[in-house]
Structure formats: C-alpha cells, structure tokens
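*Asks:* Next comes the sequence, and after it the predicted model I'd like to discuss.
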Amino acid sequence: MFSNIKTSKANKEIVTSLTTKLALGTENVIARIALAYSLSKDRLLELNGIKDSGGKEYSAKVLFGDYTDYYIALISLHYNIYSGDRDIVRYVKMHVDDGLELLNEEFQDNSNITGFEFIANKIDFK
C-alpha cells in the first residue's frame with residue numbers, strides 16, 4: 001500500500017481550475033474522477049513516462065476515502081499485477097496526472113458543459 005502521491009507541477013493548477021469549474025466537490029474528488037477517466041481510456045501507461053512530483057500531494061486516505069482497496073484493485077486488474085506490487089503508487093500517480101490532463105483538454109474544447117453533464121454523457125447505458 002502507499003501513503004501518498006503527488007501530481008505533476010503542471011497538474012497542481014489544473015486540479016484547482018477543474019475543481020472550481022466543475023463544482024463536483026473538492027480537489028480529491030476531481031482527482032478520483034481523473035483516475036477513473038484515465039483508466040476508462042483502456043491504455044497501459046509506461047512507467048518510464050512518469051511526470052515530476054512537484055504538484056498537489058494526496059494521502060491515500062484523502063484521495064480515496066474509505067475505498068482505497070477498490071481503487072488499488074482497479075489498477076491491479078488494469079495492469080494484471082498484484083495489489084501489493086511496488087509500482088502501484090506510480091501507476092496511481094500516472095493515471096491521476098493523465099486523467100487531469102485529459103479532463104483539462106475536454107473542458108477547454110467544451111467550455112459550456114458542466115461537470116454533471118460531462119459525467120452523465122460519459123456513462124454508457126448498455
């Protein structure tokens with residue numbers, strides 16, 4: 001398990017901006033959404049592509065609340081690795097950073113959409 005992660009320096013500003021714009025909750029909620037959004041793209045990120053750690057710091061408890069095990073399970077399943085793998089924290093960090101960048105692009109391209117509309121539009125009812 002891990003104790004904390006830090007976003008990239010560039011994403012420190014992005015998470016603050018998205019938190020204000022989307023009005024979906026605090027920065028840790030936006031970071032959770034970012035992680036899930038990145039994972040939903042079904043891409044495997046390379047560990048050698050990890051960004052700097054000069055940004056916002058989140059403890060596991062703040063980032064995931066009471067659901068740390070579930071988020072770790074999502075990463076474990078996505079990468080087909082053991083939940084105790086030493087690289088779990090790096091994958092979490094990479095997907096939070098990636099998701100923040102993806103969300104930032106989405107909202108720059110669709111400046112009139114609200115956070116709720118964005119989430120509702122991304123839910124696939126099959």
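*Replies:* That came through fine.
*Asks:* which outside residues touch the biggest helix by length in the chain?
*Replies:* When the chain is parsed with DSSP state H, its longest helix is helix 88-109. Residues from elsewhere that reach helix 88-109 (CB atoms under 8 Å, 6 or more residues apart in numbering): 1-2, 5-8, 11, 14-15, 17-18, 21-22, 30-31, 33-39, 41, 45, 47, 49-51, 53, 58, 63, 71-72, 75-76, 78-79, 81, 113, 118. All C-beta atoms are positioned from the backbone trio N, CA, C, and that covers glycine.
*Asks:* Filter those residues down to just the ones in helices.
*Replies:* Reading helices off those with DSSP H, I get 11, 14-15, 17-18, 21-22, 30-31, 33-39, 63, 71-72, 75-76, 78-79, 118.
*Asks:* Show me how to select, in ChimeraX, the buried members of these.
*Replies:* Only the buried entries of these go into this ChimeraX selection, using 16 or more other CB atoms under 10 Å:
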select :11,14,15,18,21,22,30,31,33,34,35,36,37,38,39,63,71,72,75,76,78,118
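*Asks:* Sketch out the low-pLDDT regions of the chain for me.
*Replies:* 1, 124-126 (pLDDT under 70).
*Asks:* mind running it again at 80?
*Replies:* 1-2, 111, 122-126 (pLDDT under 80).
*Asks:* ok, now which ones touch Lys51?
*Replies:* 8, 10-11, 93-94, 97.
*Asks:* From those residues, list just the buried residues.
*Replies:* Counted by 16+ other CB under 10 Å, these give 8, 11, 93-94, 97 as buried.
*Asks:* Those residues: which two are farthest apart?
*Replies:* Taking CB to CB as the measure, the buried ones among the contacts of Lys51 span a maximum distance of 11.2 Å, between Asn11 and Met94.
*Asks:* ok, now how distant is Ala34 from Ile50?
*Replies:* 15 Å (CB to CB, to the nearest Å).
*Asks:* same deal with Val29?
*Replies:* Taken as CB to CB, the span from Val29 to Ile50 is 23 Å.
*Asks:* For stretch 61-81, which outside residues touch it?
*Replies:* Outside stretch 61-81, the residues touching it (CB under 8 Å, 6+ apart) are 1, 5, 28, 31-32, 35-36, 39, 44, 60, 82-83, 85, 87-88, 91-92, 95-96.
*Asks:* Right, I'll call it a day here.
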